[in-house]
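Q: whatever this is, show me its structure:
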Amino acid sequence: MLPPDCEIGAQVAEQALVIGRYTVERRLGAGGMGIVYLAVSPSGRRVAMKVVREEYGTDPAFRHRFAREVDAARRVSGAFTTAVVDADPHGSPPWLATLYVPGPTLEDEVDSRGHSPLTAAALGMPAGTVKSTLHRALARLRQELEHSCL
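A: Predicted structure coming up:
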């Protein structure tokens, strides 16, 4: 049985903690598009599994965009990205699994460090470079989100 704070579509709740071939351990977080769970494969690999909310999972246009996003995410690699290990964009509900990277939650970090601005020293860059880099990245992200489902 899912913990009570796991609010997911009825179709997932009826699957007794198994989505695809992954057993859900606990909820990691949630956003507008779906819920992210810590799950484990039959071989013991831990994954972060994003499960699409029911209201989006039944929309054919959304499912098409989600499938494209999954394909794009599979092609991305690098030191600061987690690899896609599995996905079923056509499942009921659609989902995406990436490698799980353990660490503190944002809530835990804010609780322990307080609300502090991002500092250039933390990134090891001059302040002007940090500001312009973040500004460009956020502008690009805003553009991408207007045309994306992730």
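Q: put the alpha carbons of stretch 54-68 into CSV.
A: Extracted in CSV, the C-alpha atoms of stretch 54-68 (Å, rounded to 0.1, in the frame of the first residue of the first chain):
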residue,chain,number,x,y,z
GLU,A,54,-3.5,11.1,-14.5
GLU,A,55,-5.0,14.3,-16.0
TYR,A,56,-1.9,14.7,-18.3
GLY,A,57,-1.5,11.0,-19.0
THR,A,58,-4.8,10.8,-20.7
ASP,A,59,-4.1,13.7,-23.0
PRO,A,60,-2.8,12.4,-26.4
ALA,A,61,-1.0,15.6,-27.2
PHE,A,62,0.8,15.6,-23.8
ARG,A,63,1.7,11.9,-24.3
HIS,A,64,3.2,12.7,-27.7
ARG,A,65,5.3,15.6,-26.2
PHE,A,66,6.3,13.4,-23.2
ALA,A,67,7.5,10.7,-25.6
ARG,A,68,9.6,13.2,-27.5
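Q: need the contact partners of stretch 93-110.
A: 8-9, 11-12, 19-20, 22, 28-29, 34, 38-39, 45-54, 57, 63, 66-67, 70, 73, 82-89, 112 (C-beta atoms under 8 Å, 6 or more residues apart in numbering). Backbone N, C-alpha and C define where each C-beta goes, glycine included.
Q: what bridges to the nearest residue to residue 30 once chain neighbours are set aside?
A: Closest residue to residue 30 apart from its sequence neighbours, by C-beta to C-beta, 6 or more residues apart in numbering: residue 36 at 6.9 Å. Beta bridges link residue 36 to residue 29, residue 50 when assigned by DSSP bridges.
Q: can you give me the neighbour number for the residue nearest to residue 18 when sequence neighbours are not counted?
A: Leaving aside its sequence neighbours, residue 18 sits nearest to residue 24 (C-beta to C-beta, 6+ apart; 7.3 Å). By the criterion of other C-beta atoms under 10 Å, residue 24 has 22 neighbours.
Q: residue 24 against residue 39, yeah?
A: Yes: using C-beta atoms under 8 Å, residue 24 is in contact with residue 39, at 4.9 Å.
Q: tell me which stretches of this structure form strands.
A: Assigned by DSSP state E, the strands in the chain fall at 18-19, 22-30, 34-40, 46-52, 84-88, 95-99.
Q: okay, buried residues for the longest one please.
A: Buried residues in strand 22-30, counting neighbours by 16 or more other C-beta atoms under 10 Å, are found at 22, 24, 27, 30.
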